[in-house]
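> got a predicted model here, sequence first, then my questions.
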Amino acid sequence: MIKNLSKTKSTSKTSSTTSETLTPANYYDRWTDQSFMSATWFKKFLACEAEALAELQGKWEPVMDSTALVVGNWLHSYFESEKAHAKFVDEHPEAISSRGQSKGQLKKDFKIAESMIEALSDDHDFNLLYQGDKEVIVTGEIDGYPWKGKVDCLNLKQGYFVDLKTTADIYKAFWNPETREKEPFVYAYNYPLQMAVYQELIKQQFGVNCKPYIVAVSKQNPPDKQAIDLPEYRLTNAMNQILDSQQHIQNVIKGEADPTQCGHCAYCRSTKKLESVVSADDLLMD
């Protein structure tokens, strides 16, 4: 059972904390991240409050795999629209080799992206499922705080939404040190939290309770693909995780609570001081 979820509905794309409207052009701007919570940022704070806060304040820039990010967006833009994909390709000339025998051709990672696109676009059932409005921005409030989301494909008429996910191997197992069990990538990356947020924001903005689906496509050759349903209890647990943690995270953001360091991420390593001595028996991590 979801506890104490705010019943406040949002019918516009404007946060109660800002008079500006979210658009595709400004959705990823830093001010929107400071005005709206999102699944991405919430998971950052769950992973390491200190790193997330430093990044949100512009004091830390994490090292990211830019190629992997561009490859993922290459696929997303294709299924958004022909115009969006053409624009994205034009903005990323680094996808094209500029020297050697492969000059003028797509680089390896983007050839894989093209094969992933083909794997989905040639699938009759995927094309039936992926019907609706694309890249829909949704906003609302969860327990009194403004949130935002961007839904890959929203079908209000049939009451569902779809999120595309790329992954190395759909069936790869990940070790969870808290449960001491293996789990699939969907849970390892806490995608139920993202889907629970989208479901709630869609309900607030449009008055429709939509069922979430994930369509995963792998980076293997040839790519694997799978439509994935999320058990209701996973969505409930994810929303309860937000309700349990959100007030503390907001206190950290507002400077009313000290951020906790995970002790092992890039930010924590970069700021670490030799203030203690650790037994060799305690060096192993799960």
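Right, received. Where do you want to start?
> show me where the stretch 1-150 of the chain has its strands.
Along the stretch 1-150 of the chain, counting by DSSP state E, counting those that start in this stretch, strands occupy 133-142, 145-155.
> isn't S115 right next to K225, touching?
No - applying CB atoms under 8 Å as the test, S115 and K225 come out as separate, 11.0 Å apart. For glycine as for every other residue, the C-beta is placed from the backbone atoms N, C-alpha and C.
> can you put the strands of the stretch 1-150 of the chain in TSV and add mean pLDDT, distance to E256 and mean neighbour count?
TSV is the format used below for the strands of the stretch 1-150 of the chain (pLDDT from 0 to 100; distance: least, CB to CB, whole Å; neighbours: other CB atoms under 10 Å):
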stretch	mean pLDDT	distance to E256	mean neighbour count
strand 133-142	98	19	20
strand 145-155	98	14	21
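> give the burial count for the closest residue in space to K43 that isn't next to it in sequence, as a bare number.
Nearest non-adjacent residue to K43, counting by CB to CB, 6 or more residues apart in numbering: N190, 5.6 Å away. By other CB atoms under 10 Å, the residues close to N190 number 18.
> do the same with the one 10 residues further on
A total of 23 residues lie near E200 under the criterion other CB under 10 Å.
> mind listing what's buried along the helix or strand harbouring it?
Assigned by DSSP states H and E, E200 falls within helix 191-206. Going by neighbour count (16 or more other CB atoms under 10 Å), the buried part of helix 191-206 is 191-202, 204-205.
> can I assume D258 is in contact with V252?
Yes - taking CB under 8 Å as the definition, D258 is a contact partner of V252 at 7.4 Å.
> who touches the following helix or strand past the helix holding E200?
With elements assigned by DSSP H and E, the helix or strand that comes after helix 191-206 is strand 211-218. Identification of contacts with strand 211-218 by CB atoms under 8 Å, 6 or more residues apart in numbering yields 75, 116, 119-120, 126, 129-130, 159-170, 185-186, 191, 195, 198-199, 223-230, 235.
> can you list the strands that strand 211-218 pairs with?
strand 160-167 (parallel), strand 225-229 (antiparallel) (DSSP bridges).
> what's the following helix or strand past the last one packed up against?
Read that as strand 225-229. Sequence-wise, the next helix or strand downstream of strand 225-229 (DSSP H and E) is helix 232-253. Secondary-structure packing of helix 232-253 (3 or more CB pairs under 8 Å, 6 or more residues apart in numbering; DSSP states H and E): helix 39-47, helix 49-56, strand 133-142, helix 191-206.
> tell me the buried residues in helix 232-253?
For helix 232-253, by 16+ other CB under 10 Å, it's 234-235, 238-242, 246, 249-250, 252-253.
> ok, now stretch 21-32?
22, 27, 32.
> alpha carbons of it, as PDB, please.
Extracted in PDB, the C-alpha atoms of stretch 21-32 (Å, rounded to 0.1, in the frame of the first residue of the first chain):
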ATOM      1  CA  THR A  21       7.100  26.300 -18.400                       C
ATOM      2  CA  LEU A  22       9.000  23.100 -19.200                       C
ATOM      3  CA  THR A  23       9.700  22.600 -23.000                       C
ATOM      4  CA  PRO A  24      11.800  20.200 -25.000                       C
ATOM      5  CA  ALA A  25      14.300  23.000 -25.400                       C
ATOM      6  CA  ASN A  26      14.800  23.700 -21.700                       C
ATOM      7  CA  TYR A  27      13.800  20.300 -20.100                       C
ATOM      8  CA  TYR A  28      17.500  19.400 -19.300                       C
ATOM      9  CA  ASP A  29      18.600  22.900 -18.300                       C
ATOM     10  CA  ARG A  30      20.100  23.000 -14.800                       C
ATOM     11  CA  TRP A  31      17.400  25.400 -13.400                       C
ATOM     12  CA  THR A  32      14.700  22.800 -14.200                       C
END
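> gap between P62 and A266?
6 Å (CB to CB, to the nearest Å).
> now the common contact residues for the two.
In contact with both P62 and A266: E51, using CB under 8 Å, 6+ apart.
> on that earlier part again, okay, the strands of the stretch 1-150 of the chain in a markdown table with distance to K108 next?
As requested, the strands of the stretch 1-150 of the chain are exported to a markdown table (distance: least, CB to CB, whole Å):
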| stretch | distance to K108 |
| --- | --- |
| strand 133-142 | 27 |
| strand 145-155 | 25 |
